[in-house]
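>>> Requesting a structural model of the entry that follows:
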Amino acid sequence: QVQLVESGGRLVQAGGSLRLSCAASGRTFINYAMGWFRQAPGKEREFVAAIRWSDANTVYVDSVKGRFTISRDNAKITVYLQMNSLKPEDTAVYYCAAGIRGPAKEASDYNYWGQGTQVTVSP
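Alright, predicted model coming up:
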């Protein structure tokens with residue numbers, strides 16, 4: 001059974017940094033891509049970043065380029081999202097996802113999802 005467990009979300013001031021983690025288990029992910037999505041209150045789920053497990057190829061949404069970095073640790077089977085220079089508009093629940101295609105930007109390309117972790121950025 002595939003499990004994706006996010007952690008690291010909390011309240012932080014604007015300009016601060018956070019690192020989110022997504023621990024994956026339940027299958028071999030070498031042929032998968034891992035993505036981070038976010039959903040703010042009253043808004044649709046939005047793609048943030050993705051990484052292909054095999055070669056670490058990455059993609060980002062324009063609004064986080066230069067501020068966020070996605071990476072993976074093969075030994076720990078964990079994907080990270082390093083978030084710097086946080087803004088209040090980054091406030092959302094952040095979800096980790098795994099999919100056979102990718103690194104993809106569409107939520108429909110992902111088969112497995114975590115429960116999410118709340119990130120709140122105060123002004």
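>>> Confirm V5 sits in a strand?
Yes: secondary structure of V5 (DSSP: H, G, I helix; E, B strand; the rest coil): part of a strand.
>>> and it, how far is that from L20?
V5 sits 11 Å away from L20, going by C-beta to C-beta, to the nearest Å. To be clear about C-beta, it is placed using only N, CA and C from the backbone, and glycine gets the same treatment.
>>> Can you tell me the SS state at the residue nearest the centre of the chain?
The residue lying closest to the centre of the chain (C-alpha atoms, centre = their mean) is W36, at 2.3 Å. Here W36 is recorded as strand under three-state DSSP.
>>> Buried by neighbour count: which residues of stretch 40-54 qualify?
For stretch 40-54, a neighbour-count test (16 or more other C-beta atoms under 10 Å) marks 45, 47-53 as buried.
>>> ok, back up a step: which of V5 and L20 has more neighbours?
L20 (24 against 14; other C-beta atoms under 10 Å).
>>> and that one, that's in a helix?
No: residue state for L20 (three-state DSSP) corresponds to strand; a helix is not indicated.
>>> Model confidence score at it, please.
pLDDT recorded at L20 is 98.
>>> so what's it up against?
6-9, 36, 80-81, 83, 94, 96, 117, 119 (C-beta atoms under 8 Å, 6 or more residues apart in numbering).
>>> Selecting buried members of these in PyMOL, what would you type?
PyMOL command restricting those to the buried ones, with burial defined by 16+ other C-beta under 10 Å:
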select buried, resi 6+8+9+36+80+81+83+94+96+117+119
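>>> could you redo the contacts of L20 as JSON lines and give each row secondary structure?
JSON lines is the format used below for the contacts of L20 (three-state DSSP):
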{"residue": "E6", "secondary structure": "strand"}
{"residue": "S7", "secondary structure": "strand"}
{"residue": "G8", "secondary structure": "coil"}
{"residue": "G9", "secondary structure": "coil"}
{"residue": "W36", "secondary structure": "strand"}
{"residue": "Y80", "secondary structure": "strand"}
{"residue": "L81", "secondary structure": "strand"}
{"residue": "M83", "secondary structure": "strand"}
{"residue": "Y94", "secondary structure": "strand"}
{"residue": "C96", "secondary structure": "strand"}
{"residue": "T117", "secondary structure": "strand"}
{"residue": "V119", "secondary structure": "strand"}
